[in-house]
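**Q** Model the structure of this input:
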Amino acid sequence: MGNKFTGIKKFLSNKNTVTIVCVILGVLVLYFGYNFRVTRSTDPVRVPYAKKTLDKKTKITAELIGYTNVPRSLISTSKTILTNEKDIINKYVSYATPIPKNSYFYSDVIMREEQMPDYAFMNMADGYTVYSLKVGMETTYANKIFPNTYIDLYAKANDSSSKKIMFARLIESIRVKAVKDSRGVALLENGVNNGSPSAMLFEVPNDLFNLLKIAEYVDDVEIIPVPRNSAYTASQGETTVDNSTIRDYILSHAVTISE
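**A** Next up is the predicted model:
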């Protein structure tokens with residue numbers, strides 16, 4: 001047994017042997033590494049493409065998408081090609097350029113609904129209107145009220161008869177559709193604070209739109225957005241007027257005009 005280990009030790013201690021072994025190992029590494037890279041680069045990847053020309057601002061549905069196999073190397077050289085249909089379906093073609101027939105989908109021409117410039121007015125239900133509330137850094141809690149969250153709208157008013165301040169929740173559970181700066185650019189994309197808020201947009205029934213617009217013209221009435229937690233958003237309660245006293249106070253400053 002001892003002689004056997006001695007022979008192995010002498011074999012491994014021979015410089016020529018070590019050199020040959022290293023060369024062989026190096027060749028094997030290069031061979032398998034090269035084959036791995038070649039196989040990986042030529043390995044086909046399933047990629048979506050447009051089955052027909054898609055105009056600007058088109059909503060992309062599953063029926064508009066076809067699939068083809070392309071070499072992986074094509075994907076690695078073009079980082080903007082989208083390969084996952086989840087990144088495409090129910091998204092929109094950019095407002096800047098259409099997508100030609102048989103073209104792949106690129107990340108720089110695909111937009112989420114809330115990224116579209118006219119997002120607030122897209123897919124609006126009948127009987128609803130977009131209401132724009134003037135806001136700033138203070139009233140948005142330093143830009144911490146995000147689109148697609150549900151909040152409350154409180155109202156502050158000075159009761160001239162009692163000389164006291166009225167303060168109550170006017171509207172309960174209202175969804176923020178967008179937050180925009182003074183140029184109309186949507187803010188707070190991907191949960192990132194990226195600008196100074198100027199307007200908070202809501203999609204509301206026509207009767208609530210009338211109430212909120214009248215409140216704007218009453219000098220002593222102020223509408224204040226109040227954020228809630230994630231559970232409040234998850235529950236998505238019905239958007240309703242919560243305080244009839246302050247509602248009636250606002251409406252008392254307006255005259256109903258018959259048709």
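**Q** May I have the phi/psi pair for A234?
**A** With angles defined as degrees, to the nearest 10, A234 sits at phi -60, psi -30.
**Q** How many neighbouring residues does it have?
**A** 8 (other CB atoms under 10 Å). Just so you know, the C-beta spots here come from the backbone N, C-alpha and C atoms, and that holds for glycine as well.
**Q** Quick check: which ranges of the protein have low pLDDT?
**A** Scanning the chain for pLDDT under 70 picks out 1-42, 76, 119-120, 188-194, 259.
**Q** tell me which strands and helices the longest strand seen in it is in contact with?
**A** For the chain, the longest strand by residue count, based on DSSP state E, is strand 164-180. With contacts defined as 3 or more CB pairs under 8 Å, 6 or more residues apart in numbering; DSSP states H and E, strand 164-180 has these neighbours: strand 150-159, strand 199-205, helix 206-216, strand 221-226, strand 240-241, helix 244-251.
**Q** mind redoing it with 6 Å?
**A** Strand 164-180 is packed against strand 150-159, strand 199-205, helix 244-251, with contacts defined by 3 or more CB pairs under 6 Å, 6 or more residues apart in numbering; DSSP states H and E.
**Q** tell me how far the second one is from the chain's mean position?
**A** Taking CA atoms, centre = their mean, to the nearest Å, the mean C-alpha location of strand 199-205 is offset from the chain mean by 18 Å.
**Q** what's it in contact with?
**A** Applying CB atoms under 6 Å, 6 or more residues apart in numbering, the set of residues contacting strand 199-205 from outside is 120, 124, 128, 130-133, 135, 174, 177-180.
**Q** repeat that for 7 Å
**A** Under the contact criterion CB atoms under 7 Å, 6 or more residues apart in numbering, strand 199-205 has outside partners 120, 124, 127-135, 145, 174-180, 225, 239.
**Q** Drop anything exposed from those residues.
**A** Taking 16 or more other CB atoms under 10 Å as the criterion, what is buried in the contacts of strand 199-205 is 120, 129, 131-133, 135, 145, 174, 176-180, 225, 239.
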